[in-house]
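Undergrad: Here is a sequence with its predicted model. Questions after.
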Amino acid sequence: MKPKLLLLTFLLAAFGLQIFSSRLDSYVVGIVIKVGITIVLAVSLNLINGHTGQFSLGHAGFMAVGAYTCASFSMKIGSQANDAFGFLSPVLRLNISFFIFLLAGGLTAAIAGLLVGLPSLRLKGDYLAIVTLGFGEIIRVIVINTPSLGGALGLTNIPAHTNIFWSLAFAALTVYVVGAAVHSTYGRGFIAVHDDEIAAEATGINPTRFKIRAFVIGAFFAGVAGGLGAHFDQNINPEEFGFMRSIELVVIVILGGMGKNVGVILAAILLTVLPEYLRAFNEYRNITYSALLILLMLLCPQGFAQIWSGILTGFKKLCKK
């Protein structure tokens, strides 16, 4: 019951922040929304790369599928969807239709994850990374050559539906689902596949099945994050979902600590907020950013999870005294 209680608490907190968001600085609100979206992406990728021990470089591709699906539905049938809930207030109609479009984006991305996973997840390591990287590039090229999706220019004038509530609510939901999946009795199979595929198979576990499920769940939340990002920025283009976007997410997972959700969340917050503070040093921004990452990895080889573990250990010792 504790994880469910925490989920409910975070959902209520997100709703409370949304109520008072009009009193907050719009710049701060934007950063909070970006943090929530990054947490969704990082924690969902952590299920694949961290908990299941795979090496995916195609998360940006799943994000693109969700972003374009959600934005297309919202722009083309948004008004009809709102009319379908005409018996409700305008605010409820808008949010219900937006939630449905986010689910559509997530499900489309999950199907893409299944299509990628079925033929390729018998591979491992570098080979799997190359396949997923190729998938991301295929999605980008398809979008560029599809006029109905805006082509190389992308989509503009997307409705601004994403707010603090949706961003933080899905961040909390992603953490809950991934945590529940991994720490359940059934979910221990993800850890077994991560530790030793041969030993897991010898005990009756089908590694390919667990890999596919990890890909489908991770792709679903990546698609939702893509939809949230599209309705926050109000425009999307194929270049946003290139190779470097996937690399950024992999860096967050590694810096946070592979398979450690708390560390990944801390890394997602830091690597979203830090570039904003470095804007004052625009000429040296990339150098400073890279140097800080190197320093953090040297001091904390196991990522932010190591720092968090040290804090908890110190707190427990303090309580005993």
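TA: Thanks, I have the structure now. Numbering: from 1, shown residues only.
Undergrad: Grab the nearest non-local neighbour of residue 169.
TA: Among residues not flanking residue 169 along the chain, residue 14 sits closest, at 4.8 Å (CB to CB, 6 or more residues apart in numbering). All C-beta spots, glycine's among them, are computed from the backbone N, C-alpha and C.
Undergrad: Do I have it right that the one you found meets residue 172?
TA: Yes - between residue 14 and residue 172 there is a contact under CB atoms under 8 Å: 6.8 Å.
Undergrad: circling back to that earlier point, burial measure for the residue nearest to residue 169, as a count.
TA: Per other CB atoms under 10 Å, the neighbour tally for residue 14 reads 21.
Undergrad: Distance from the helix or strand hosting it to the middle of the chain?
TA: Element membership of residue 14 [criterion: DSSP states H and E] is helix 2-19. Distance of helix 2-19 from the chain centroid (CA atoms, centre = their mean, to the nearest Å) equals 19 Å.
Undergrad: Name the residues of that helix that come out as buried.
TA: Using 16 or more other CB atoms under 10 Å as the test for burial, helix 2-19 gives 7, 10-11, 14, 17-18.
Undergrad: distance between the ends of stretch 50-65?
TA: 23 Å (CA to CA, to the nearest Å).
Undergrad: That one: how far from the chain's middle?
TA: Stretch 50-65 sits 9 Å away from the centroid of its parent chain (CA atoms, centre = their mean).
Undergrad: thinking again about what came up before, residues in contact with the helix holding residue 14?
TA: By CB atoms under 8 Å, 6 or more residues apart in numbering, the list of residues contacting helix 2-19 from outside reads 32, 163-165, 167-169, 172-173, 176, 179-180.
Undergrad: Same question for stretch 71-81.
TA: With CB under 8 Å, 6+ apart as the contact definition, stretch 71-81 has outside contacts at 97-98, 100-101, 104-105, 148-149, 155, 157-159, 161, 227, 230-231, 236.
Undergrad: mean confidence score for that stretch?
TA: Averaged across stretch 71-81, pLDDT comes to 81.
Undergrad: Pull the distance from that stretch to the chain's centre.
TA: 23 Å.
Undergrad: Pull out the buried residues from that stretch.
TA: For stretch 71-81, the neighbour count (16+ other CB under 10 Å) marks 71-75, 78, 81 as buried.
Undergrad: So which of these are in helices?
TA: Residues of the buried residues of stretch 71-81 located in helices (DSSP state H): 71-75, 78, 81.
Undergrad: Rebuild these as a markdown table, extending it with distance to residue 42.
TA: Formatted as a markdown table, these follow (distance: CB to CB, whole Å):
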| residue | distance to residue 42 |
| --- | --- |
| 71 | 22 |
| 72 | 26 |
| 73 | 25 |
| 74 | 25 |
| 75 | 28 |
| 78 | 29 |
| 81 | 30 |
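Undergrad: for these, which one is nearest residue 133?
TA: Lowest distance from residue 133 to these (CB to CB) belongs to residue 71, with 24.1 Å.
Undergrad: Find the nearest non-adjacent residue to the closest one, please.
TA: Nearest residue to residue 71, sequence neighbours excluded (CB to CB, 6+ apart): residue 230, at 4.4 Å.
Undergrad: Please tell me I have it right and that neighbour contacts residue 155.
TA: Yes - between residue 230 and residue 155 there is a contact under CB under 8 Å: 7.5 Å.
Undergrad: Overlap in contacts, these two.
TA: 68, 71, 236.
Undergrad: thinking again about what came up before, compare the contacts of helix 2-19 and tell me which has the most neighbours.
TA: For those, the largest number of neighbours (other CB under 10 Å) sits with residue 167, at 27 neighbours.
Undergrad: so it sits right up against residue 31, yeah?
TA: No - shown here, residue 167 and residue 31 do not form a contact pair, counting by CB under 8 Å, at 10.6 Å.
Undergrad: Quick check: neighbours shared by these two?
TA: Shared contacts of residue 167 and residue 31, defined by CB under 8 Å, 6+ apart, are absent.
Undergrad: Phi, psi for residue 146 please.
TA: phi -110, psi 100 (degrees, to the nearest 10).
Undergrad: what's the answer for residue 185, then?
TA: The phi and psi values for residue 185, taken as degrees, to the nearest 10, are phi -60, psi -40.
Undergrad: about what we covered before: which helices and strands sit right next to whichever helix or strand the residue nearest to residue 71 is part of?
TA: According to DSSP H and E, residue 230 maps onto helix 207-233. Other helices and strands packing on helix 207-233, by 3 or more CB pairs under 8 Å, 6 or more residues apart in numbering; DSSP states H and E, are helix 26-46, helix 59-84, helix 90-120, helix 164-183, helix 188-195, helix 197-202.
Undergrad: Could you give me the buried positions within the last one?
TA: Right, the one you point to is helix 197-202. Applying 16+ other CB under 10 Å to helix 197-202 flags 197, 200 as buried.
Undergrad: again with the third one
TA: Counting neighbours by 16+ other CB under 10 Å, one finds that the buried residues in helix 90-120 are 93-95, 97-98, 100-110, 112-113, 116-117, 120.
Undergrad: what do you get for stretch 215-231?
TA: Residues of stretch 215-231 classed as buried: 215-231 (neighbour count, 16+ other CB under 10 Å).
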